[in-house]
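Visitor: For reference, the sequence and a predicted model appear below.
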Amino acid sequence: MPAPPLRGAAAGVRGHLNLSLLADRCSTLRSLTLVHAAMLVSGRLASDAFAASRLLDAYAAFSPPATVLRLLSSLPYAPNTFMLNTSLRALASSPDPASALAFFSQLRCSGSTSYSPGRHTFPFLLKASARLPLPVSRQVHALVVKHGLDRDTYVANGLVRAYSVAGRVRVARKVFDELPERSAVVYTTMVSGYAQNGRYEDAMGAFDDMVANGFEPGPVVLASVLSACARSESGGLVMGRRVHDIMERRGMAAPVGVILGTALVDMYAKNGAIDEAVKVFKGMPQRHTATWNALISGLAHHGHGEDALVMFQQMRREGVPPNATTLVGVLSVYCHTGQLDEARRVFASMEDFRVAPSIQHYGCMVDLLGRSGLLSEAEEMIRGMLCKADTAIWGALLAACKNHGDIDVAERAVQEMLKLDPNNHGVYVVLSNIYADARRWQDVDRLRKVMKGAQLSKIPGSSTVDGCDDG
């Protein structure tokens, strides 16, 4: 028996709604293309802008922008503002953020009265402009003011982020200060902006204001302020403990997650509160490589080299793969303790860990070889490096030459340093001292004439940089 007309119509409506809901719930591109095909077969796309909007939104999450734009251009009706903003979002997140600005300009020049940029448009433009030269963000900012949205918290958050990414933290703060009302989101962006630009005390101050004004700090701002506490020169440990207390009172530290737990371990370790760092570390149900790195590096930096090596061995027993940062920490321990054979083994095993040696790894090895008096081997390692040598690593070799009185290697190291930095006058002082120690007075006089010819009236004596110092 055929269904009554009203019941059949209701079923059709439900079927259409179900397709839109399915588009929202797709977790793979394949499932989304099946829903897309069903919409085409049913004629849904040709008649229902809501369905097209949901499909477009889903494609923006899975597909390259070109796919989104093809779908947009295939619609038989003018796209609505949501569709256009969705396309902007896809372009802004793509490897080519400038395409979002080009698309926006095209919309403005088309003369279409159906599109008016609003508070949901500018955050996508600002996301794109943050990855482009600074004048682009300024131009978008001017448009924001023109449309009267510069006091909108949602749009202002995008401005604060864009200026912070460009390193213009003062301008970001000015936008922040001019807001009549603030939100937890814009506070989070301001704190993160300070932290990412090395303004650690300002980040802690902004977080203080956020809490004092009654805003609930979320995981992102907590991680940012803990990062600032780890690197601040003043008050970092005190503030870090306060942040930890806030987390415990809000039930965010029982147990603590990987991201915040790692941030806590890093904060305590960098501030020398090793016992607290270890306590947080042991209380974490899950740990990432970065968590182990934070503790190993902290132990190594604060003179607990043996404990750092014990943690490294435990890390390997638990099957956690070390990365480049881990191995820098381990090599620095061996560098400070003079364990050359162990350092050689770890350096040789880097290929097994699929880690390519960087200038930091080579620097530790060169410094250790230099301390051990193996200057020719250290020089050979520098010349065979996979990455380009810098003045710091040649400076480490030069310092070792001074300690061991190796004039031949020292002269070659100076030549390489002057090629990289002709104005590095400190190398002349070091080389002159090496000549003097060897009582080669003619070379001292010759070098003095070279310095005089270069009009070096006063030469600093501490321009070379050691690879791994003892501090």
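Guide: Here it is on my side, so go on.
Visitor: Test my guess that T337 contacts G303.
Guide: No. Taking contacts as Cβ atoms under 8 Å, T337 lies outside contact range of G303: 10.4 Å. Every residue, glycine included, has its C-beta placed from N, CA and C.
Visitor: Touching both of those two, which residues are there?
Guide: Counting by Cβ atoms under 8 Å, 6 or more residues apart in numbering, T337 and G303 have no shared contacts at all.
Visitor: helices or strands up against the strand or helix carrying L45?
Guide: Using DSSP states H and E, L45 maps to helix 44-47. In terms of contacts (3 or more Cβ pairs under 8 Å, 6 or more residues apart in numbering; DSSP states H and E), helix 44-47 is packed against helix 49-62.
Visitor: Could you tell me how far the helix it packs on lies from the centre of the chain?
Guide: The chain centroid and the centroid of helix 49-62 are separated by 31 Å under Cα atoms, centre = their mean, to the nearest Å.
Visitor: Run through the neighbouring helices and strands of whatever helix or strand M417 lives in.
Guide: Here M417, judged by DSSP H and E, is contained in helix 407-420. The contact analysis (3+ Cβ pairs under 8 Å, 6+ apart) places helix 407-420 against helix 375-383, helix 391-404, helix 426-437.
Visitor: among these, which is nearest L91?
Guide: Of all the helices and strands packed on helix 407-420, the one in closest proximity to L91, counting by Cβ to Cβ, is helix 391-404 (41.3 Å).
Visitor: what's in contact with stretch 248-262?
Guide: 216, 219, 222-223, 226, 244, 247, 264, 280-281, 283-288, 290-291, 294.
Visitor: What ranges does the stretch 251-400 of the chain have for its helices?
Guide: For the stretch 251-400 of the chain, applying DSSP state H, counting those that start in this stretch gives helices covering 258-270, 274-282, 289-301, 305-317, 324-337, 340-348, 359-371, 375-383, 391-404.
Visitor: Out of the ones you listed, flag the one nearest M83.
Guide: helix 258-270 (34.6 Å).
Visitor: Buried by neighbour count: which residues of the closest one qualify?
Guide: 259-270 (16 or more other Cβ atoms under 10 Å).
Visitor: ok, the residues you listed vs R345, which is closest?
Guide: A269 (25.3 Å).
Visitor: so who does the closest one touch?
Guide: 230, 277, 294-295, 297-299, 301-302.
Visitor: how about a cut-off of 10 Å?
Guide: For A269, the contact set (Cβ atoms under 10 Å, 6 or more residues apart in numbering) comprises 230, 276-278, 280-281, 293-302, 304.
Visitor: just to revisit the earlier point, can you convert the buried residues of helix 258-270 into TSV and add a column each for distance to D96 and pLDDT?
Guide: Shown next, in TSV, are the buried residues of helix 258-270 (distance: Cβ to Cβ, whole Å; pLDDT from 0 to 100):
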residue	distance to D96	pLDDT
I259	30	95
L260	34	96
G261	37	96
T262	33	97
A263	33	97
L264	38	97
V265	38	97
D266	34	97
M267	37	98
Y268	42	98
A269	40	97
K270	38	96
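Visitor: returning to that earlier point: same list (the helices and strands packed on helix 407-420) but as JSON lines, adding mean pLDDT.
Guide: Converted to JSON lines, these look like this (pLDDT from 0 to 100):
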{"stretch": "helix 375-383", "mean pLDDT": "97"}
{"stretch": "helix 391-404", "mean pLDDT": "94"}
{"stretch": "helix 426-437", "mean pLDDT": "89"}
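Visitor: among the ones you listed, which is nearest S183?
Guide: Proximity of these to S183 was assessed by Cβ to Cβ; the nearest stretch is helix 391-404, lying at 44.2 Å.
Visitor: Tell me the buried residues in the closest one?
Guide: Judged by neighbour count using 16+ other Cβ under 10 Å, the buried positions of helix 391-404 are 391-402, 404.
Visitor: State the number of residues packed around V185.
Guide: 17 (other Cβ atoms under 10 Å).
Visitor: hmm, which of the contacts of stretch 248-262 are the buried ones?
Guide: With neighbours counted by 16+ other Cβ under 10 Å, these contain buried members at 222-223, 226, 244, 247, 264, 280-281, 284, 287, 290-291, 294.
Visitor: wait, which of these is closest to S129?
Guide: The shortest approach to S129 among the buried ones among the contacts of stretch 248-262 belongs to A223, at 25.0 Å (Cβ to Cβ).
Visitor: Next one: the residue nearest to the spatial centre of the chain relative to T189, how far apart?
Guide: Of all residues in the chain, the one closest to the mean position by Cα atoms, centre = their mean is Q196, 8.2 Å from it. Q196 sits 10 Å away from T189, taking Cβ to Cβ, to the nearest Å as the criterion.
Visitor: Need the overlap of contacts for those two.
Guide: 164, 224.
Visitor: Contact partners for the closest residue to G272 other than its chain neighbours?
Guide: Nearest residue to G272, sequence neighbours excluded (Cβ to Cβ, 6 or more residues apart in numbering): H302, at 5.1 Å. If you count contacts by Cβ under 10 Å, 6+ apart, H302 has them with 269-274, 277, 308.
Visitor: Repeat that for M284.
Guide: Neighbouring residues of M284 by Cβ under 10 Å, 6+ apart: 253, 255-258, 260-262, 264-265, 291.
Visitor: which residues does the closest residue in space to D152 that isn't next to it in sequence contact?
Guide: Counting by Cβ to Cβ, 6+ apart, D152 lies nearest to R119, which is 5.1 Å off, once chain neighbours are set aside. Contacts for R119 were tallied using Cβ under 10 Å, 6+ apart; they are 144, 147, 149, 152-155, 158.
Visitor: Show me which of these is closest to S332.
Guide: Nearest member of these to S332, counting by Cβ to Cβ, is G158, at 40.6 Å.
Visitor: The stretch 51-200 of the chain: helices as residue ranges?
Guide: Under DSSP H, counting those that start in this stretch, the stretch 51-200 of the chain gives helices at 65-74, 81-92, 98-109, 122-129, 134-146, 153-165, 169-177, 184-196, 200-212.
Visitor: Flag every buried residue along the second one.
Guide: Think helix 81-92. 82-92.
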